[in-house]
Structure formats: structure tokens, C-alpha cells
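**Q** Generate a structure from the sequence data that follows.
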Amino acid sequence: MQVTLTEKEESIRELTNALLAGRAEEAKRSTFAALAKANTEREVLDAIVDAVNIISDLQELEQYDHNKLTSLENSVNTSLQVLEEWLAKSEGKFGLKVTVGPVGVRAGALACLALSASLRSVGFRSVSLGKTQTALDLLRNSEELGAKLVIPMLSADDDQQLVNFVQAYERGGFKNKFEVIPIVPKLSENSQPNISIARNAGEAISKATQWALKNSGVHG
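**A** Have a look, this model is predicted:
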């Protein structure tokens, strides 16, 4: 039986609604349903990322219930588990381990889950380090995991946080162990850090891919 475009789009809407409501079992069923309605794994992942972006934006505007974060994270995790086989096949392209972690970011664990899955989908062995932590903790944990690239998600409204992160990176002796690409959404025009910076997750993935192509031996 041929699936219509309307049915395909409706299945994505149902998945998005389940994720935004934090209903894990419904999100799981909706993920399977979206795949059954001729959506690709990439399209389903994009829908999950879009839902996380909506939640993160609402959190930034303080229009979302903080008490729902755990159920939202569970729902996103449940949906991503349905895509696990595809992600596992995709992540070996570069053979490079990446760690992603929030440093003082509201709803950062949720955003890092989505970013880590996106990185896996383009070829990285990515690990989300979850709950918000200090810059030094993130760097030390990444070193223990053998990361070659670290993508910290920093606060949108704290310029000093980037300064502190760069200092921890350079003074802690991590500079010769792995690359870093911090995500700083509202980087000041006057800021001139001596490391690569991304303003959002999409830019971070693009820069990470460019870096990997130079360092993994993989071409295009």
C-alpha cells in the first residue's frame, strides 16, 4: 500500500507532539510509525532534533516547565534507541571519538543528546556527557574517554564562560591531546578567541566534519 505525502508528514507531526509532551512510550511508537510511513532514518532524526530545538528555545524564554526535563530526556532517548542500529552503522566513518557536554547550560543535557546523535549520523563515535558540569570536569572526562574532539555547549549569555573554558583547556595541558569546538550562541563581536568557535549545533557539526576530513584520512 502506497503511503501518501500527507500520511508521511502526519506521522512526523505525531512524533514531534509526543516528544514535546514528554511521553516516552508514545514517542517510541511514533518513531516506529514514522519509519513505517516511508520516512528515512535521517528524516526521523531531523524531527527529533527539531523537537529538541523547540524545547531548548522555550527553556531559554523560560516558557517550559523545568520539572518536565527528565520525561523529555527519556522520550528523546527512547526515540533515538529506535534509530540505534542505523546510528551504529553510521558512526564508524571517521573512526574518531567526540564528546559533547553542557557547561552551565539550561536544558543542556537534552540539547547534547540531539547533537551527539547528529554527530553519530555523519560519522563520529560521539558520546554525550549529559548533565551540566564545569569546563575542567568536561575536559578531564573527555580525556579519560580518549576523545579526539570535544564540543562543549556554553551559555548564550556569559562571555566570561568562554574565557574560562579556553583557560582551562590551555592551562590544563589538554591542547596537545584533543581539539575543541565550543558552541557559543551569542558570541560577542569583540571576542577573538584563538580556537575555532561555533554559534549553533549545525555550525559545530560542519566544523567538526571539516576537521575530521583533514585528520581521519577519509575523503568526502
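
**Q** C-alpha only now, for contacts and for neighbours.
**A** OK.

**Q** how far does the strand or helix carrying Glu43 sit from the chain's center?
**A** Using DSSP states H and E, the secondary-structure element containing Glu43 is helix 41-60. Using CA atoms, centre = their mean, to the nearest Å, the mean C-alpha position of helix 41-60 is found 10 Å from that of the whole chain.

**Q** Go through the helix or strand following it and flag the buried ones.
**A** Using DSSP H and E, the helix or strand that directly follows helix 41-60 along the chain is helix 69-82. Applying a neighbour-count criterion of 16 or more other CA atoms under 10 Å, one finds 69, 71-80, 82 buried in helix 69-82.

**Q** Give me the lowest-pLDDT entry from the residues you listed.
**A** In terms of pLDDT, Leu69 ranks lowest among the buried residues of helix 69-82, with 79.

**Q** Pro182 contacts Ile197, doesn't it?
**A** Yes - proximity of Pro182 to Ile197 meets the contact threshold set by CA atoms under 8 Å, at 5.4 Å.

**Q** ok now stretch 148-159, how far from the chain's centre?
**A** Computed by CA atoms, centre = their mean, the chain-centroid distance of stretch 148-159 equals 12 Å.

**Q** quick one: buried residues of that stretch?
**A** Buried residues in stretch 148-159, defined by neighbour count with 16+ other CA under 10 Å: 148-156.

**Q** Next: stretch 177-195.
**A** Judged by neighbour count using 16+ other CA under 10 Å, the buried positions of stretch 177-195 are 178-185, 187.

**Q** do the same with stretch 2-17
**A** Neighbour count says stretch 2-17 has 8, 11-17 buried, by 16+ other CA under 10 Å.

**Q** quick one on the thing from earlier: mind putting the buried residues of helix 69-82 in TSV, distance to Lys89 included?
**A** Formatted as TSV, the entries for the buried residues of helix 69-82 read as follows, by distance: CA to CA, whole Å:
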residue	distance to Lys89
Leu69	29
Ser71	28
Leu72	26
Glu73	23
Asn74	23
Ser75	22
Val76	20
Asn77	18
Thr78	18
Ser79	17
Leu80	14
Val82	13
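
**Q** Which residues are in contact with the closest residue to Ala24 other than its chain neighbours?
**A** For Ala24, ignoring the flanking residues on the chain, the nearest one in space by CA to CA, 6 or more residues apart in numbering is Ser75 at 3.9 Å. Contacts here follow CA atoms under 8 Å, 6 or more residues apart in numbering; on that basis Ser75 touches 18-19, 22-25, 27-28.

**Q** which of those residues has the most neighbours?
**A** Among those, the one with the most neighbours (other CA atoms under 10 Å) is Leu19, at 31 neighbours.

**Q** Assign that one to one of the three secondary structure states.
**A** Classification of Leu19 into helix, strand or coil gives helix, according to DSSP: H, G, I helix; E, B strand; the rest coil.

**Q** tell me the contacts of Asn39?
**A** Contact partners of Asn39, counting by CA under 8 Å, 6+ apart, are Lys8.

**Q** Tell me how many other residues surround Asn215.
**A** By the measure other CA under 10 Å, the count of residues near Asn215 is 12.

**Q** Give me the distance between it and Phe94.
**A** The gap separating Asn215 from Phe94 is 9 Å, by CA to CA, to the nearest Å.

**Q** The chain: strands as residue ranges?
**A** Counting by DSSP state E, the chain has these strands, from start to end: 97-103, 125-128, 149-154, 179-180.

**Q** That's all I had, so thanks and see you.
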